[in-house]
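1. sequence and computational prediction follow.
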Amino acid sequence: MAAKIPATVVTGFLGAGKTTLIRHMLENANGKRIALIINEFGDLGVDGDILKGCGIETCSEDDVVELSNGCICCTVADEFIPTMEMLLGRDNPPDHIVIETSGLALPQPLVRAFNWPGISTRVTVDGVITVVDGKAVSDGQFAHNVAAVDAQRKQDENLNHETPLSELFEDQIACADMIVVNKADLLATGEADHLRAVLKSEARKGVQVVTATMGALPVEILLGQGVGAEGDLDARHEVHHHHDDHHDDHHGDHEAGREHAHGHDEFESFVVELGEIEDAIAFAERVADVIRAHDILRLKGFAAISGKPMRLTLQAVGPRVDTYFDRPFGTAPRMTRLVVIGQAGLKQAEIEAALKAG
Ligand SMILES: Nc1nc2c(ncn2[C@@H]2O[C@H](COP(=O)(O)OP(=O)(O)OP(=O)(O)O)[C@@H](O)[C@H]2O)c(=O)[nH]1
């Protein structure tokens, strides 16, 4: 029987740097043919577009498949399995498959899908890589081991510290074979080491925790872990939840409980369309202001700037906004399209108006 094709799952919260890490991996793949399956929250296809346009020889457009009908962990049967079968059925199947989950996905249901008949005989999960935004964690976005939150909780026993963000984060950490503490460039000296130690103590035994900037890690470290993660799913569940009473309610209905905790109605996204933008720098500042005013978690897309033939890629994680001109619009319409992602209750009309102002 032919050897199973290894598949690596790359997970991590919104904007942690998954696409950046994958891009680096593709650029340094040393001839390995890697197929990508990308799942995004929000329907603009920004990640796929960035990766398809990478111009890397070993990665043709056909090798990048986008799954856009909802979250990969909830559409496994309808979308993920058929896509895997399509990739495996090719005359020239890939050497390795890399799956980028959306920042809101739980990796566990996806890993479980590798036990499906027809998939389990042909593919194995080489490893789960969880990318962590080191800066966001140390700023306390996930309320993870943050002394202040613990102190507050002790004062108020009723305070439910399990926010949707911290639950997702913990599950993504619990499923990891390797944790990448990314954005090391934004951390003060010693902070990255501290975070590594904290995450190592949170993760399962033996999980590697490495530090990176722009996801720049040797491909040999990322691929070829040979874990077979689909075989030890039980070890990857909710390591830190069991002491919580409200989770004990779910014991009889474990999966349903998790799906609920992960409910996508806790997060929402919409697309804002704008015309040409006069001034790229002023616009980036306005975007940062709007993000701060409305607690937006993630904003990304492409902008048309007056007088510039190239489109401006705009990437914001919290109030940090990165912009760069990536390629000419060509025949695509010159317009600005941004996807906005946040916790449920975003004031769409106000956000749109604020982005248009100026
Ligand atoms: N300063 C800094 N920025 C980074 C680093 N890694 C990624 N970024 C930036 O963070 C932003 C988000 O990066 P992505 O790679 O798109 O993150 P992602 O996890 O794929 O995002 P989603 O798919 O939306 O969940 C981009 O602007 C990146 O350039 C890093 O190590 N340092």
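-> Yep, it's here.

2. who are the contact partners of the residue minimising distance to the centre of the chain?
-> Nearest to the geometric centre of the chain sits residue 103, at 3.2 Å (C-alpha atoms, centre = their mean). Going by C-beta atoms under 8 Å, 6 or more residues apart in numbering, residue 103 touches 12, 13, 14, 15, 16, 18, 41, 298, 341. From N, CA and C alone the C-beta is placed, and that goes for glycine too.

3. do I have it right that the fifth one meets residue 131?
-> Yes. In this structure, residue 16 is within contact of residue 131 by C-beta atoms under 8 Å, at 4.3 Å.

4. which residues are common contacts for those two?
-> Common contact partners of residue 16 and residue 131 (C-beta under 8 Å, 6+ apart): residue 182.

5. thought residue 329 was touching residue 311?
-> Yes. Look at residue 329 against residue 311 with C-beta under 8 Å: they come within range, at 5.3 Å.

6. between these two, point out the one with more neighbours.
-> Set residue 329 next to residue 311 and count neighbours by other C-beta atoms under 10 Å: residue 311 wins out with 23 against 14.

7. after the helix or strand the more buried one falls within comes which helix or strand?
-> For residue 311, the host element (DSSP states H and E) is strand 310-317. For strand 310-317, the following helix or strand on the C-terminal side (DSSP H and E) is strand 320-328.

8. hmm, back to that, how close does the residue nearest to the centre of the chain get to residue 110?
-> Using C-beta to C-beta, to the nearest Å, residue 103 is found at 14 Å from residue 110.

9. just for this structure, where's the confidence low?
-> Applying pLDDT under 70 to the chain flags the ranges 1, 43-44, 53-60, 69-70, 73, 143-163, 238-265, 358.

10. which parts of it sit against the ligand?
-> 12, 14-20, 40, 47, 103, 182-183, 185-186, 213-215, 298, 315, 317, 322 (C-beta under 6 Å from any ligand atom).

11. in helices, which of those fall?
-> Using DSSP state H, the subset of those located in helices is 18, 19, 20, 47.

12. state the pair within these that is farthest apart.
-> 20 and 47 (9.8 Å; C-beta to C-beta).

13. show residues contacting the longest helix anywhere in the chain.
-> Ranked by residue count under DSSP H, the longest helix found in the chain is helix 280-294. Residues from elsewhere that reach helix 280-294 (C-beta under 8 Å, 6+ apart): 277, 296, 299, 303, 305, 308, 312, 314, 316, 318-321, 323, 338, 342, 346-347, 350-351, 354-355, 357-358.

14. contacts only, for residue 30.
-> Shown in contact with residue 30 (C-beta under 8 Å, 6+ apart): residue 219.

15. could you confirm it falls within a strand?
-> No. Counting by DSSP: H, G, I helix; E, B strand; the rest coil, residue 30 is not part of a strand but coil.

16. hmm, which of the residues of the chain next to the ligand are the buried ones?
-> Taking 16 or more other C-beta atoms under 10 Å as the criterion, what is buried in the residues of the chain next to the ligand is 12, 14-20, 40, 47, 103, 182-183, 186, 213, 215, 298, 315, 317.

17. ok, how many other residues are close to the nearest residue to residue 28 once chain neighbours are set aside?
-> Nearest non-adjacent residue to residue 28, counting by C-beta to C-beta, 6 or more residues apart in numbering: residue 219, 5.2 Å away. As a burial measure, residue 219 scores 17 neighbours (other C-beta under 10 Å).

18. could you do the one 10 residues further on as well?
-> Per other C-beta under 10 Å, the neighbour tally for residue 229 reads 26.

19. quick one, phi psi at it?
-> Main-chain torsions, residue 229, degrees, to the nearest 10: phi -60, psi -30.

20. what helix or strand is residue 37 located in?
-> Assigning secondary structure by DSSP H and E places residue 37 in strand 34-39.

21. ok, that strand: who's next to it in the sheet?
-> Each strand paired with strand 34-39, and its direction, by DSSP bridges: strand 64-67 (parallel), strand 96-100 (parallel).

22. one step back: go through the contacts of residue 103 and flag which are in strands.
-> Per DSSP state E, strands hold the following members of the contacts of residue 103: 298, 341.

23. ok, back up a step: isn't the residue nearest to residue 28 up against residue 27?
-> No. Checked against C-beta under 8 Å, the pair residue 219 and residue 27 is beyond contact range at 9.4 Å.

24. show me where the protein has its strands.
-> For the chain, strands defined by DSSP E occupy the ranges 5-11, 34-39, 64-67, 96-100, 123-133, 178-182, 208-211, 267-274, 298-304, 310-317, 320-328, 336-343.

25. show me what the last one is packed against.
-> Meaning strand 336-343. Under the contact criterion of 3 or more C-beta pairs under 8 Å, 6 or more residues apart in numbering; DSSP states H and E, strand 336-343 touches strand 267-274, strand 298-304, helix 348-356.

26. partner strands of that strand, with direction?
-> Strand pairing for strand 336-343, using DSSP bridges, gives strand 267-274 (antiparallel), strand 298-304 (antiparallel).

27. for the first one, same thing?
-> Within its sheet, strand 5-11 is paired with strand 96-100 (parallel), strand 123-133 (parallel), according to DSSP bridges.

28. and the last one, how far out from the chain middle?
-> Okay, so that is strand 123-133. 11 Å (C-alpha atoms, centre = their mean, to the nearest Å).

29. relative to strand 310-317, how tilted is it?
-> Relative orientation of strand 123-133 versus strand 310-317 (axes from the mean of the first three to the mean of the last three C-alpha atoms, to 10 degrees): 80 degrees.
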